[in-house]
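[1] I would like the atomic coordinates for the input below:
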Amino acid sequence: MKDLSDIDTQKKRDFDDLQHEISGIDNGRMKRFLNATDERSPEGKRKKREQERIRQRLADLLLDPVYARLHRELGSKLSRAEADADSALDTLQRQLAEVDQALADMADRAARDPKGKLVFRYADGRVVYEDGSTVAGEIAEGIVWPPDAPSSESYFALQAQREQIAEQLMEWDSYRNDVLGRIRDTYDDEENPFQSPDDIQDALDQIESARPPAPSVVVDHAAAPETITTTVSAFPQIPKT
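    This is a model prediction of the structure:
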């Protein structure tokens, strides 16, 4: 059992060591109390001062009336662009699912060759597989065509629409995440904000210039699957300010 005087000595040594660590004085012994993330340590104090200096940088930038005006404009325009992009993505994802369902319905009604592969017939009598390759004449002659079998024109037109929707979806996804997402990261980053009014203006310009065309393929629910048409849909544009 330790003597009380030994305990008091240990307590005093611990107290002295803690004070040395807080003040940054090297007493030759291993640090036992504070690590670099502790705000009381020299490193923790340095990091805290650096964070305060960085936050003050944004406050100083906002004292510039031009910077402050553009910063507010960017916040508003960025939010509208994000909402528009989310709406476009939702529309395109829904349309893609609808066209996929329409294609599946066509496949269910399509004729098949003796091996079960889908076949389609053009108005001029040509018979092709779903990849567009020609069906051999002797095979085509033996195909039994259901009365509601979709035509080649209808099937491939819908396939083309699917490709168009998928391409638009990729463009809007890239715009939403790569363009707007990067601008949002900088806008919300107090430690590394836009450094000048010109930087903000560049971001404002990019919101406009990188914006993809409005979604344009609309599935007509009133039509049969093989008569789905392509029309231009009204889609909100970001007003210029």
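[2] at which residues are the strands of the protein located?
    Using DSSP state E, the strands of the chain run over 111-112, 118-121, 127-129.
[3] for those, which one ends up most surrounded?
    strand 118-121 (a mean of 20; mean count of other C-beta atoms under 10 Å). Where you see a C-beta, it was placed from the backbone N, CA and C, and this is true even at glycine.
[4] avg pLDDT for it?
    For strand 118-121, the mean per-residue pLDDT is 97.
[5] quick one: strands adjacent to that strand?
    strand 111-112 (antiparallel), strand 127-129 (antiparallel) (DSSP bridges).
[6] with distance to residue 211 and mean pLDDT added, can I get these in JSON lines?
    Shown next, in JSON lines, are the strands paired with strand 118-121 (distance: least, C-beta to C-beta, whole Å; pLDDT from 0 to 100):
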{"stretch": "strand 111-112", "distance to residue 211": "44", "mean pLDDT": "96"}
{"stretch": "strand 127-129", "distance to residue 211": "38", "mean pLDDT": "97"}
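[7] so which of the strands of the chain comes closest to residue 161?
    strand 118-121 (15.8 Å; C-beta to C-beta).
[8] surely residue 107 touches residue 118?
    Yes: using C-beta atoms under 8 Å, residue 107 is in contact with residue 118, at 5.9 Å.
[9] who does residue 120 form a beta bridge with?
    Beta bridges link residue 120 to residue 128 when assigned by DSSP bridges.
[10] contacts only, for it.
    Residue 120 is in contact with 110, 111, 127, 128, 129, 130, 149, 150, 151, 152, 155, 156, counting by C-beta atoms under 8 Å, 6 or more residues apart in numbering.
[11] mind doing that once more with 10 Å?
    By C-beta atoms under 10 Å, 6 or more residues apart in numbering, the residues touching residue 120 are 106, 110-111, 126-130, 132, 135, 145, 149-156.
[12] what of residue 162?
    Applying C-beta under 10 Å, 6+ apart, the residues near residue 162 are 95, 96, 99, 100, 102, 103, 217.
[13] so which of the residues you listed belong to helices?
    Secondary structure assignment by DSSP state H places 95, 96, 99, 100, 102, 103 of those in helices.
[14] ok, so of those, who is nearest residue 160?
    In terms of C-beta to C-beta, no member of the ones in helices among the contacts of residue 162 lies closer to residue 160 than residue 99, at 10.2 Å.
[15] okay, now the closest one: neighbour count?
    22 (other C-beta atoms under 10 Å).
[16] identify the residue spatially nearest to it, adjacent ones excluded.
    When the adjacent residues along the chain are set aside, residue 99 lies closest to residue 162, with 4.8 Å between them (C-beta to C-beta, 6 or more residues apart in numbering).
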